[in-house]
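Sequence first, predicted coordinates after that:
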Amino acid sequence: MKLRHLLAGTALCMALFAFQSPVFAAPAEQKEESIAEGVYAGEVNIGGLSKEKAKEAVDSYYQEIASSPFTVTMDTQSIQTTLAELGLSWDSQNALDEADRLGKSGPILQRYKTLMDMKYGHVVLEVPYQIDEAKVREFVKSQVASHDTEPKNATITRKSGSFIVTEHTTGLATDQETTVNNILTAVKENLASNMQVAAQVEVTQPSRTYDELSLIQDRLGTFSTDYSDSVSGRKTNISVATERLNGKVLMPGESLSVSETILPREPENGYEKATQFKDGDTEEAYGGGVCQVSTTLYNALLRAELKVTSRSPHSMVVSYVPYSTDAAIAAGSKDLVFENNLDHPVYLAASADGSTLTFSLYGAEYRPSNRKVEFESTTVSKKDPEPKTVYDANMYEGEQKSTGTNKPEVTAYLEKVVYEDGKEVSRTKLHTDHYSGASKTTVVGTKPKESVPAVVPSESPTDNANTPSEAPSDNTNGNSGNNGNGNGNGNGSNEGAVDSGGEAEE
C-alpha cells in the first residue's frame, strides 16, 4: 500500500514537472501566436486562429446577429427592428485577451486543468454584450405601443319608439414596462439571429358594452310641461337646450350637469334673446326659458327616483309647475345635477315640439309593479302682491306706464309619497322652498297739459250763422304694462325668474 501511494505521488510530481516544461506548455505543432485549440468565444470557435483572425470571426458573428430582423409580435401584428437599432454592442477583445492567457497564468493545478480541457474538450469564454435599455424603451413606446387600439363603445339611439343598440369593440393596450423587460431578458439569455419576442398586451374593455345598453328597455319616469304661449326666442332656447340633453346615457355612478351640458347661453351656441325676470322686473337676455327645461327634467328625475345631487328653486314662483317642483339654472350659481345611482345604465329622451316639452328616463325597471310614487306640493304661506302706484311730474296727466310684475311671496314644501297595493307606506319631505314676492308698479303722470285757446272765426257779412271751431281732443292713453306672466294653467308663457343675488335665472 505504501509503495502504491509513493508511485502515485511520484507520477503526480513528474506530471507537474512536465506541465512546467516549455515542451508541454507549448507543443511543437501549435504556432506560438495562435490561440490554443478547443477555445470558443461565445458560440464562435477561435481555436487555432491568430488573435486578429479570431477577432474578425467574433465581430462578424455578432454583426450578423445585430443586423438580422428582430421581431416583436403583438396580437396579429409584427413590428420589426434590428438589435443594431436597439444599440447592441459587444467586447470581443476581452474574450481574446482571456484566450491568450489560457494555460499561461494562474496556479499550476488550474493551468493543468485548463490545458486538459482544451485537449480533450473545449473552453468557452464569455463575450460581454448588451443592448441600450433607453433605445428599447423608445422603440416600445413609439413603434410597439403605437399599434394600440382604443375600445369602441356600444351606442344606443331611440327611433320610432324603439331602441337600436350597436355592438362594442374591445381595444389593445401594450404593457410597456413588461414588454421592455421581455426584450431585455430574451437578449440576455438567448442572443441569436432572427429573434422574436412577444409584447405583453392587455385587452381593454369599453365603458359601454352592448349587453349593458341592451338592458335599457323600460320607462322609469316621464314628465311634460306646456310652452305653447311662449314667444319665438323662448321656444328656440327651449328647443336648443332640449336637443343637447336628448340621447344622453349615464352609466352607473356617472353624473350630469344640466348647465354644462346645454352649454353657455350665448348666441354662438344657438341661443336667442327672450324675456326673463331680474330683480322683480323683466329683461331680454340670451337663453331665456331654459329653466323650464331643467324644471321639466327635474320632475322626470323625481319619478324615475334617480339621485338629484344639486337643485335650486327659482327666486320667484313660475306658472308651469306647482310650487317646490321647479329647478332653476343661473350661470355660476344654480344648476341641476343628478347621478345614476342604479346598477344599470339610463337613457335620457327629450323632445320639444314647439308646444309640449317632455323628458323621459329609460332603463331596466327595478321597482315592483305594485309600487307607486307620487309627489305632493304643500303651500305653507302665501302673500299676494300689493300693486304700487307712483306719480311722475314729468309725465302728462292721463299718461301711465307699468314696470315689474306681480308675484306672490310663497313658502312651500314637496313630499314624496310611496304607495304599495294602493296603500301609503311612506311620506318623505324632500325640501322646503321660499319664493320672494314682487309687485307691479304703475307710474301715473301728473304734469298738467297746456290748454289750447279756441279759435274764433271772423263773421261773414253775408252769413249770420255762428259756427265756432272745436278744440282738438287729446286722446293720449297710458300704455298698460303687460309683463307676459304665465296664467298658472301649466303653460310656459314668457316668464323667467331671478335669484336673490340679482343673477338672472334663465
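Received it, and whenever you're ready, just let me know what you need.

can you pull out the helices in the protein?
For the chain, applying DSSP state H gives helices covering 2-20, 22-25, 51-67, 92-101, 108-120, 133-139, 176-189, 210-213, 232-245, 258-261, 290-304.

Looking at these, which one is packed in the most?
A comparison of these by mean neighbour count, using mean count of other C-beta atoms under 10 Å, puts helix 290-304 on top with a mean of 25. For the C-beta atoms, the positions are set from N, CA and C on the backbone; glycine is no exception.

now that helix: how far from the chain's centre is it?
Between the mean C-alpha location of helix 290-304 and the chain-wide mean there is a distance of 24 Å, by C-alpha atoms, centre = their mean, to the nearest Å.

Next, the angle helix 232-245 makes with that helix.
Per axes from the mean of the first three to the mean of the last three C-alpha atoms, to 10 degrees, the angle that helix 290-304 makes with helix 232-245 is 40 degrees.

on contacts alone, who are the packing partners of helix 290-304?
The elements that helix 290-304 packs onto, with contact taken as 3 or more C-beta pairs under 8 Å, 6 or more residues apart in numbering; DSSP states H and E, are strand 218-226, helix 232-245, helix 258-261, strand 307-310, strand 346-352, strand 356-363, strand 371-383.

how about the ones you listed in CSV, adding distance to Val123 and mean pLDDT?
Converted to CSV, the helices and strands packed on helix 290-304 look like this (distance: least, C-beta to C-beta, whole Å; pLDDT from 0 to 100):
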stretch, distance to Val123, mean pLDDT
strand 218-226, 80, 98
helix 232-245, 79, 97
helix 258-261, 75, 97
strand 307-310, 77, 98
strand 346-352, 75, 98
strand 356-363, 76, 98
strand 371-383, 87, 97
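
I'd like those written out as TSV, with distance to Val144 added.
Output for the helices and strands packed on helix 290-304, formatted as TSV (distance: least, C-beta to C-beta, whole Å):
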stretch	distance to Val144
strand 218-226	46
helix 232-245	40
helix 258-261	38
strand 307-310	43
strand 346-352	39
strand 356-363	41
strand 371-383	55
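
between the ones you listed, which gets nearest to Tyr210?
The closest of the helices and strands packed on helix 290-304 to Tyr210 is strand 346-352. By C-beta to C-beta, the value is 14.3 Å.

Parallel or antiparallel, list what pairs with the closest one.
Here strand 346-352 has these sheet partners by DSSP bridges: strand 248-250 (antiparallel), strand 356-363 (antiparallel).

so which of the helices and strands packed on helix 290-304 gets nearest Trp90?
The closest approach between Trp90 and any of these, judged by C-beta to C-beta, belongs to helix 258-261 at 60.1 Å.

Now do that closest one: everything it contacts.
Residues external to helix 258-261 that are found in contact with it (C-beta atoms under 8 Å, 6 or more residues apart in numbering): Arg244, Leu245, Lys248, Val293, Ser294, Leu297, Ile329, Ala331, Lys334, Asp335, Leu336, Val337.

Repeat the analysis, applying 7 Å as the threshold.
Contacting residues not belonging to helix 258-261 are listed as Arg244, Leu245, Lys248, Ser294, Leu297, Ile329, Ala331, Asp335, Leu336 [C-beta atoms under 7 Å, 6 or more residues apart in numbering].

which one of those residues sits closest to Phe223?
Within these, proximity to Phe223 (C-beta to C-beta) peaks at Leu297, which comes in at 7.8 Å.

For the closest one, list the residues it contacts.
By C-beta under 7 Å, 6+ apart, Leu297 lies in contact with Leu245, Val258, Leu336, Phe359.

now with 8 Å?
Applying C-beta under 8 Å, 6+ apart, we find Leu297 in contact with Phe223, Leu245, Val258, Ala327, Leu336, Leu348, Ala350, Phe359.

so how far is Ser257 from it?
Applying C-beta to C-beta, to the nearest Å, the value for Leu297 to Ser257 is 12 Å.

Identify the contacts common to the two.
Contacts common to Leu297 and Ser257, judged by C-beta under 8 Å, 6+ apart, are Leu336.

just to revisit the earlier point, between the contacts of Leu297, which is closest to Glu376?
The nearest member of these to Glu376, counting by C-beta to C-beta, is Phe223 at 15.1 Å.

which ones are touching the residue nearest to that closest one when sequence neighbours are not counted?
Take Phe223 and drop its neighbours on the chain: the residue closest to it by C-beta to C-beta, 6 or more residues apart in numbering is Asn299, 3.8 Å away. Residues touching Asn299, when contacts are defined by C-beta under 8 Å, 6+ apart, comprise Phe223, Val321, Thr325, Phe359, Phe375.

can you put those in CSV and add distance to Val231?
Shown next, in CSV, are these (distance: C-beta to C-beta, whole Å):
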residue, distance to Val231
Phe223, 23
Val321, 20
Thr325, 24
Phe359, 22
Phe375, 30
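
So Val290 versus Ala327, what's the distance?
Using C-beta to C-beta, which is the criterion applied here, Val290 is 11 Å from Ala327.

my bad, Val144
According to C-beta to C-beta, Val144 stands 51 Å off from Ala327.

quick one, which of the two is more surrounded?
More crowded of Val144 and Ala327, by other C-beta atoms under 10 Å: Ala327, with 28 against 23.
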